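# what follows is a protein structure lacking sequence information:
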């Protein structure tokens, strides 16, 4: 039976997952919750601490008890709940380096318990991409690694752990964003692998996620000609329906990556991308990373209603999407009811970060441990837009606490001096890099510094594709926990 046209705005609102600005819900969000809005998504701009988030989510539930509260929290370099200080967990790449699925599950369970205590019910994690292209500018340490089997087992472990902690997991970015040199925030990546390669590599972690009972899957704005030569995955019925639903057997909620991202918005338009995603089989439209006002949400809602009226979007498809949102909402309510929201603080994140540190030494007897105040030079690469600009990173602070008197300087590409370590004098020199292999200017600066100071220590906070220096320390991530683990490894001291 077809619903009256008057019901369409509520159905359209049900499938939106908008963001908003502020640490309390604005009046329009509260009003929309009473008018059918099914979900909201939180970003760093909404977070002060977990207590404040708990108050925020309680306000939302006072308007709609089953509202889905999502967050983009990977517990690594991409963090929202700890954006102001850096994540207390090491992130996917570090967990993959340890390769202990029980540890990955424990870290994810700990995160789930923290998010659940704050009233969050859906996490846009884990990142299930296989980082098979070392030049990838947007995935990197967000992935568990470059081996499909490793990524698959840790994706499954993460899903089990997070959902055991009380929060629905959302594996991303389907069908796999790892083998690309293009960031979909800026343009449309093209994945050129054939179907056999996709089955063996990109799709393996998503199959594992589905088998583990993942509640949601996020689409990637990716053109994959072997699957659909014309449309990006987010807008492709072949990929969302034929592959994800029919072949992989996924029955949960399909969430789009943010529809304001240029990979789809520049080609199809902000509102039209949302309409076409729903028509292709998506159930929830994520917005608000960059467009976070009522006008943006209204533009999408009105476009969805108009598309149903015109026949472009079948009403049955919109109703099906809204039904799946309702089923996920019911799961979150049942999960919250069945579990205590109390959480005991643990140090599992730091334990995991310590286990992920790898030290490669050419002349350790003359370098380690560091016992005197050091001079730390941090090289800052161009920002990965997925990582919040407000999120701190580096080694200077933890090393300074363990070795008081340590000083730190940070250089971006235009500012690097001829000899970056000259000011160190006779102090130990520590060079901190992120993805050294991807940045020619950084490699040149490190070469100059190491030539002048052969005893310099190089600390890699990204993908350790290039190992150099008398001592090379790889943390497999730039989180606060990873920085502390590296400082402990350099000094032989434990926090």
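Noted; the coordinates are in hand. All values derive from a computational prediction rather than experimental measurement. Residues are numbered from 1 along each chain as shown.

# buried ones in the helix or strand that contains residue 112, by neighbour count?
For residue 112, the element it lies in under DSSP states H and E is helix 101-117. Residues 101, 103-117 are the ones in helix 101-117 that count as buried (16 or more other C-beta atoms under 10 Å). Where C-beta positions appear, they are placed from N, C-alpha and C, glycine not excepted.

# closest to residue 329 among these?
residue 116 (15.0 Å; C-beta to C-beta).

# how near is that closest one to residue 379?
Note on residue 116: its distance to residue 379, by C-beta to C-beta, to the nearest Å, is 38 Å.

# cool, residue 400 as well?
Residue 400 is 18 Å from residue 379, by C-beta to C-beta.

# quick one: strands adjacent to the helix or strand following the helix holding residue 112?
Using DSSP H and E, the helix or strand that directly follows helix 101-117 along the chain is strand 122-123. Strand partners for strand 122-123, identified by DSSP bridges, are recorded as strand 68-71 (parallel), strand 168-174 (parallel).

# most tightly surrounded among these?
Most buried of the strands paired with strand 122-123, by mean neighbour count (mean count of other C-beta atoms under 10 Å): strand 168-174, with a mean of 27.

# who touches that strand?
Identification of contacts with strand 168-174 by C-beta atoms under 8 Å, 6 or more residues apart in numbering yields 70, 108, 121-129, 155, 158-159, 162-163, 184, 205-206, 209, 214-222, 233, 239, 244, 253, 255, 257, 328, 331-332, 335.

# and of the strands paired with strand 122-123, who's closest to residue 370?
From the strands paired with strand 122-123, taking C-beta to C-beta, the stretch that ends up closest is strand 68-71, at 37.4 Å.

# what's in contact with the closest one?
17, 38-43, 57, 60, 80-81, 115, 119-124, 170, 255, 286, 325, 328-329, 332.

# what's the ChimeraX line that selects buried ones from these?
Buried residues among the contacts of strand 68-71 (16+ other C-beta under 10 Å), as a ChimeraX selection:
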select :17,38,39,40,41,42,43,57,60,80,81,115,119,120,121,122,123,124,170,255,286,325,328,329,332
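
# on that earlier part again, what average pLDDT does the helix holding residue 112 get?
Averaging pLDDT along helix 101-117 yields 97.

# likewise for stretch 49-67?
Here the average pLDDT along stretch 49-67 is 97.

# what sits up against it?
Contacts of stretch 49-67 (C-beta under 8 Å, 6+ apart): 23-25, 29-30, 33-34, 37-40, 42, 46-47, 69, 81, 114, 117-120, 326, 329-330, 332-333.

# what of stretch 273-283?
Here stretch 273-283 has contacts from 15, 219, 231, 234-237, 239-241, 244-245, 253-256, 259, 264-265, 267-268, 285, 287, 300, 303-304, 307, 312-314, 317-318, 320-322, 324-325, using C-beta under 8 Å, 6+ apart.

# in helices, which of those residues appear?
If you go by DSSP state H, these have 237, 264-265, 267-268, 300, 303-304, 307, 317-318, 320-322, 324-325 in helices.

# how close does residue 447 sit to residue 105?
Taken as C-beta to C-beta, the span from residue 447 to residue 105 is 41 Å.

# so which of residue 400 and residue 379 has more stuff around it?
A direct count of neighbours by other C-beta atoms under 10 Å for residue 400 and residue 379 places residue 379 higher, at 23 against 17.

# tell me which residue is most central in this protein.
residue 74 (4.3 Å; C-alpha atoms, centre = their mean).

# isn't that residue up against residue 128?
No. Counting by C-beta atoms under 8 Å, residue 74 stays clear of residue 128, with 11.1 Å between them.

# over to residue 17: give its phi and psi.
phi -130, psi 80 (degrees, to the nearest 10).

# angles on the backbone of the spatially closest residue to it that is not a sequence neighbour, please.
Closest residue to residue 17 apart from its sequence neighbours, by C-beta to C-beta, 6 or more residues apart in numbering: residue 39 at 4.2 Å. For residue 39, the backbone dihedrals (degrees, to the nearest 10) come out as phi -150, psi 160.

# with the one 4 residues further on instead?
Comment: the main-chain dihedrals of residue 43 come out as phi -130, psi -180, following degrees, to the nearest 10.

# so it makes contact with residue 81?
No. If you go by C-beta under 8 Å, residue 43 and residue 81 don't touch, sitting 10.4 Å apart.

# surely residue 495 and residue 486 touch.
No. Between residue 495 and residue 486 there is no contact under C-beta under 8 Å: 11.7 Å.

# which of the two has more neighbours?
It is residue 486, of residue 495 and residue 486, that has more neighbours when counted by other C-beta under 10 Å, with 28 against 12.

# got a quick PyMOL command for the buried subset of the ones in helices among the contacts of stretch 273-283?
Restricted to buried positions by 16+ other C-beta under 10 Å, the PyMOL selection for these reads:
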select buried, resi 237+264+265+267+268+300+303+304+307+317+318+321+322+324+325
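
# among the ones in helices among the contacts of stretch 273-283, which one sits closest to residue 419?
The closest of the ones in helices among the contacts of stretch 273-283, once distances to residue 419 are taken by C-beta to C-beta, is residue 265, at 44.7 Å.

# report the secondary structure state of the closest residue to that closest one other than its chain neighbours.
Excluding the flanking residues, the one nearest residue 265 by C-beta to C-beta, 6+ apart is residue 273, at 5.8 Å. Assigned with DSSP: H, G, I helix; E, B strand; the rest coil, residue 273 falls in the helix class.

# how near is residue 273 to residue 228?
15 Å.

# more crowded one of the two?
residue 273 (27 against 21).

# any idea how far the more buried one lies from residue 471?
48 Å.

# not counting sequence-adjacent ones, nearest residue to residue 248?
residue 210 (5.3 Å).

# surely the one you found meets residue 250?
Yes. The pair residue 210 and residue 250 passes the contact test of C-beta under 8 Å, sitting 4.9 Å apart.

# okay, and the common contacts of these two?
residue 217.

# what about stretch 352-369, how long is it end to end?
In stretch 352-369, first residue to last residue: 21 Å (C-alpha to C-alpha, to the nearest Å).

# next, count neighbours for residue 84.
Counted with other C-beta under 10 Å, residue 84 comes out at 15.

# the nearest residue to it once chain neighbours are set aside: neighbour count?
Counting by C-beta to C-beta, 6+ apart, residue 390 is the residue found nearest to residue 84 once chain neighbours are left out, at 6.7 Å. For residue 390, the count of nearby residues is 10 (other C-beta under 10 Å).

# which residues touch residue 390?
Here residue 390 is in contact with 44, 83-84 (C-beta under 8 Å, 6+ apart).

# how about residue 101?
153-154, 156-157 are the contacts of residue 101 under C-beta under 8 Å, 6+ apart.

# could I get these as JSON lines with secondary structure, neighbour count and distance to residue 92?
Shown next, in JSON lines, are the contacts of residue 101 (DSSP: H, G, I helix; E, B strand; the rest coil; neighbours: other C-beta atoms under 10 Å; distance: C-beta to C-beta, whole Å):
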{"residue": "153", "secondary structure": "helix", "neighbour count": "20", "distance to residue 92": "12"}
{"residue": "154", "secondary structure": "helix", "neighbour count": "28", "distance to residue 92": "7"}
{"residue": "156", "secondary structure": "helix", "neighbour count": "25", "distance to residue 92": "13"}
{"residue": "157", "secondary structure": "helix", "neighbour count": "25", "distance to residue 92": "11"}
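
# same list, those, but as a markdown table with distance to residue 432 please.
Below are the contacts of residue 101 laid out as a markdown table (distance: C-beta to C-beta, whole Å):
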| residue | distance to residue 432 |
| --- | --- |
| 153 | 31 |
| 154 | 26 |
| 156 | 33 |
| 157 | 30 |
